[in-house]
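Asks: No letters, just coordinates:
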């Protein structure tokens, strides 16, 4: 198709040059006495050729863009888990306390890498970085569509497989949530091993017409209330609500345990912009989460 468009442009350019040469010979032969109608016809013809050529070139550009879009999908990668407690050590001649950085494995890697199909001249060019946020909002990242994506973490001398993202359809936008194994025996090294994987697709059948949803990734059963509706949300369960009133405040509350420990109790405004208010519950350390063993992450999809 591109070769055909190139041949067409060549023909247009040849016609344009022939027209200019013919018009100049006509003007010289008639000693610059040519009817206005003839000149105008030539001018309009030249302008028409220019417009057609520009449209063909624009089609080439837009066609290449659409080819790129057909090969890509979008993901954001967010790690959800317990924030490690702050640790301090002595430093300096005055014995001042300095906050220590978390140990490896206490927090998730802030970047993961996948192999680029394009490659490059340098060994590092085949690895494409992908940002991973920790309990915070992230941005969408374009990745290849139609195949599983293996994400690696970078170690001192090599790259180690970390998590596999299932293939996504073209144009799909997904939130990829990573959660840690929160058992007591490996709490300090929870992010060393492969994390648990949860994928939220805004266009899935369960969320397509919803404006609010709650996903429970914690090990606790959570009692949830939304606009007068009360439900018990089990571990791993996703519940969505359809609300289309603009500018209305809806009451929202969640609690867990025998003592009904409050996770949140607030009001939310649902807007008519097709956005999904998603609340994700996950396990947390009560020492760094205001005494609660269940934390909440809020995101708009």
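Replies: Thanks, I have it. In this text, all values refer to a predicted model and were calculated from it rather than measured experimentally. Numbers count the residues shown, from 1 in each chain.
Asks: Pairing partners for residue 73 in the sheet, please.
Replies: On the basis of DSSP bridges, residue 73 is bridged to residue 143.
Asks: thought it was touching residue 172?
Replies: Yes - the pair residue 73 / residue 172 is scored as a contact, 4.7 Å apart, by Cβ atoms under 8 Å. (C-beta placed from N, C-alpha, C; glycine too.)
Asks: Now list whatever residues contact both of the two.
Replies: Where contact means Cβ atoms under 8 Å, 6 or more residues apart in numbering, the residues bridging residue 73 and residue 172 through contact with each are residue 145.
Asks: Looking at the two, which is more packed in?
Replies: Ranked by neighbour count (other Cβ atoms under 10 Å), residue 73 and residue 172 place residue 73 first, with 22 against 16.
Asks: Tell me who's in contact with the more buried one.
Replies: 142-145, 168-174.
Asks: switch the cut-off to 7 Å
Replies: Residues in contact with residue 73, defined by Cβ atoms under 7 Å, 6 or more residues apart in numbering, are 143, 145, 168-172.
Asks: again, but for residue 72
Replies: 142-145.
Asks: Include pLDDT, neighbour count and distance to residue 243 when you put those residues into JSON lines, please.
Replies: Below are the contacts of residue 72 laid out as JSON lines (pLDDT from 0 to 100; neighbours: other Cβ atoms under 10 Å; distance: Cβ to Cβ, whole Å):
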{"residue": "142", "pLDDT": "93", "neighbour count": "13", "distance to residue 243": "32"}
{"residue": "143", "pLDDT": "92", "neighbour count": "21", "distance to residue 243": "32"}
{"residue": "144", "pLDDT": "90", "neighbour count": "17", "distance to residue 243": "36"}
{"residue": "145", "pLDDT": "91", "neighbour count": "18", "distance to residue 243": "32"}
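Asks: and residue 54, what pLDDT?
Replies: pLDDT for residue 54: 48.
Asks: Having no further points to raise, I will conclude here.
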